[in-house]
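**Q** Predicted model, plus sequence, below.
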Amino acid sequence: MPTLPLEFVSLLALTTLLVLAGWHDLRMRLIPNTLVLWGLITALVLSMTPRGIGLTSAMLGGMTGFLVFLFLHLFKMVGAGDVKLVAVVGMFVGWPDMAKVCLAILSAGGLLSVAWALWASRWQTVLKNLQTGLMNQIRSGLLPQIGQPLIAQVSPERVPYALAVGMGTVAHYAMPW
């Protein structure tokens, strides 16, 4: 029986993780910890195989994703599940590619937020709230406090950011850097 190349197995596992996370986040606005744990274990095992990316690269990639998105989480821009998901993506991708993936995810998140606002017919409210929130921040002269949103929420509805994580990761693999 022929064996599959490790790169294909890793890409298949990462794709499965992102599809399931996106589906859960879209339906329930939640990324299950069991799914993230499965991804973590899979990424670790694949990284340590003879043709894997190596444990050091996987750990550095995971830490890069974790730290970048932890900063966003501290200002309530993404949820904790998104932080954990990006960390696991980093363990699949490795260092230094994860720095590029973070940029792609952030770009995809911006595009997804605009599309979400248009789709939800809240574009004018989003713009007004953004302007008001930024102006209040500038007038006060205070830096945002950790644990407080950078800008007041328009509504309690949140963009399922796992979709942006998937879109950014796909963009990384699809575009030659």
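**A** Yep, that arrived. Numbers count the residues shown, from 1 in each chain.
**Q** What sits closest to V170 if chain neighbours are left out?
**A** L18 (7.9 Å; C-beta to C-beta, 6 or more residues apart in numbering). Every residue, glycine included, has its C-beta placed from N, CA and C.
**Q** brain fart, L72
**A** V78 (4.7 Å).
**Q** how about the one you found, what does it touch?
**A** V78 sits next to F69, L72, G109, Y161 when contact means C-beta atoms under 8 Å, 6 or more residues apart in numbering.
**Q** give me phi/psi at it?
**A** phi -140, psi 160 (degrees, to the nearest 10).
**Q** Counting neighbours, what do you get for A174?
**A** A174 has 8 neighbours, counted by other C-beta atoms under 10 Å.
**Q** Double-check L6 against M48; I have them as touching.
**A** No: contact criterion C-beta atoms under 8 Å: L6 and M48 do not qualify, at 11.1 Å.
**Q** Tell me the buried residues in whichever strand or helix holds A13?
**A** Element membership for A13, per DSSP states H and E: helix 6-28. Across helix 6-28, burial judged by 16 or more other C-beta atoms under 10 Å covers S10, A13, L14, L17, L18, L20, A21, G22, H24, D25.
**Q** So the fifth one sits against T169, correct?
**A** Okay, so that is L18. Yes: with contacts defined as C-beta under 8 Å, L18 counts as touching T169 at a distance of 6.1 Å.
**Q** Mind listing the shared neighbours of the two?
**A** With C-beta under 8 Å, 6+ apart as the test, L18 and T169 both reach V89.
**Q** re earlier: could the C-alpha coordinates of the helix holding A13 be exported in PDB?
**A** Listed next in PDB are the C-alpha coordinates belonging to helix 6-28 (Å, rounded to 0.1, in the frame of the first residue of the first chain):
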ATOM      1  CA  LEU A   6       4.000  13.800   5.100                       C
ATOM      2  CA  GLU A   7       3.400  17.300   3.600                       C
ATOM      3  CA  PHE A   8       0.000  16.100   2.300                       C
ATOM      4  CA  VAL A   9      -0.900  14.500   5.600                       C
ATOM      5  CA  SER A  10       0.000  17.700   7.400                       C
ATOM      6  CA  LEU A  11      -2.000  19.800   5.000                       C
ATOM      7  CA  LEU A  12      -5.000  17.500   5.200                       C
ATOM      8  CA  ALA A  13      -4.900  17.600   9.100                       C
ATOM      9  CA  LEU A  14      -4.600  21.400   9.100                       C
ATOM     10  CA  THR A  15      -7.400  21.700   6.500                       C
ATOM     11  CA  THR A  16      -9.700  19.400   8.600                       C
ATOM     12  CA  LEU A  17      -8.900  21.500  11.700                       C
ATOM     13  CA  LEU A  18      -9.700  24.800  10.000                       C
ATOM     14  CA  VAL A  19     -12.900  23.500   8.400                       C
ATOM     15  CA  LEU A  20     -14.200  22.100  11.700                       C
ATOM     16  CA  ALA A  21     -13.200  25.200  13.600                       C
ATOM     17  CA  GLY A  22     -14.800  27.500  11.000                       C
ATOM     18  CA  TRP A  23     -18.000  25.400  11.100                       C
ATOM     19  CA  HIS A  24     -18.200  25.400  14.900                       C
ATOM     20  CA  ASP A  25     -17.400  29.200  15.100                       C
ATOM     21  CA  LEU A  26     -20.000  30.000  12.400                       C
ATOM     22  CA  ARG A  27     -22.700  28.000  14.100                       C
ATOM     23  CA  MET A  28     -22.000  28.500  17.800                       C
END
